[in-house]
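**Student:** okay, predicted coordinates and the sequence, questions at the end:
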Amino acid sequence: MSRPFKCRRIAYIPGVTYFKPAGIPLVELEEVVLSLEEAEALRLKELEGLEQEQGAEKMNISRPTFQRILASARQKVADAVLNGKAIRIEGGNYEIAANRFRCRVGHEWEVDDIIVAPSACPECDNTEIQPVLAAGYGCGRGGHGRHGGRR
């Protein structure tokens, strides 16, 4: 019997999900698709500066799985940057981990149905906000979490 599937928890869906080289028409570009969990692994490791064990814990996966996701993300980004390809961020097997947010000042609020992370605090308009990670939504095997899936 196979091992039970672990949901890959992400903090939120990025507001910008498409990048392309300047000066090249979109119809002439090849695309690299970066899954939402690959984007989350890059965010945790490269932007947040977390160790792999910490990143794996935040994503609710094992450290070796985090390493595989991170390696795949790095390979795709390098391919796109060095070979002039567009990057589309979409799909994957994931659950949204946060529907609560906190601004740098300390105000906290909840968002009912998050598609894109809020850009500013509703109370003080501060743009430095972070998700408050909590237990997420359930997800199923095969790419169909509550807010997304494979395309």
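**Tutor:** That came through, no problem. Numbers count the residues shown, from 1 in each chain.
**Student:** list the contacts for the residue minimising distance to the centre of the chain?
**Tutor:** Relative to the mean C-alpha position of the chain, the nearest C-alpha, by CA atoms, centre = their mean, is the one of Glu40, at 3.3 Å. In this structure, Glu40 makes contact with Arg8, Arg9, Ile10, Ala11, Met59, Tyr94, judged by CB atoms under 8 Å, 6 or more residues apart in numbering. Where you see a C-beta, it was placed from the backbone N, CA and C, and this is true even at glycine.
**Student:** A helix includes Leu70, no?
**Tutor:** Yes: applying DSSP: H, G, I helix; E, B strand; the rest coil, one finds Leu70 inside a helix.
**Student:** remind me which residues of the chain are low pLDDT?
**Tutor:** By pLDDT under 70, the weakly predicted segments of the chain are 1, 3-6, 97-98, 112-116, 133-151.
**Student:** what sits against Trp109?
**Tutor:** Trp109 sits next to Arg100, Phe101, Cys121, Pro122, Glu123 when contact means CB under 8 Å, 6+ apart.
**Student:** and of these, the nearest to Glu90?
**Tutor:** Phe101 (22.5 Å; CB to CB).
**Student:** chain neighbours aside, what residue packs nearest to the closest one?
**Tutor:** Computed as CB to CB, 6 or more residues apart in numbering, the closest residue to Phe101 that is not its neighbour in sequence is Ile129, at 5.2 Å.
**Student:** the one you found against Glu123, yeah?
**Tutor:** No: Ile129 is not in contact with Glu123 according to CB atoms under 8 Å; the separation is 11.0 Å.
**Student:** more neighbours: which of these two?
**Tutor:** The residue with the greater number of neighbours, taking Ile129 and Glu123 and applying other CB atoms under 10 Å, is Ile129; the counts read 19 against 12.
**Student:** backbone phi and psi for Val32, please?
**Tutor:** When quoted as degrees, to the nearest 10, the phi and psi of Val32 stand at phi -110, psi 130.
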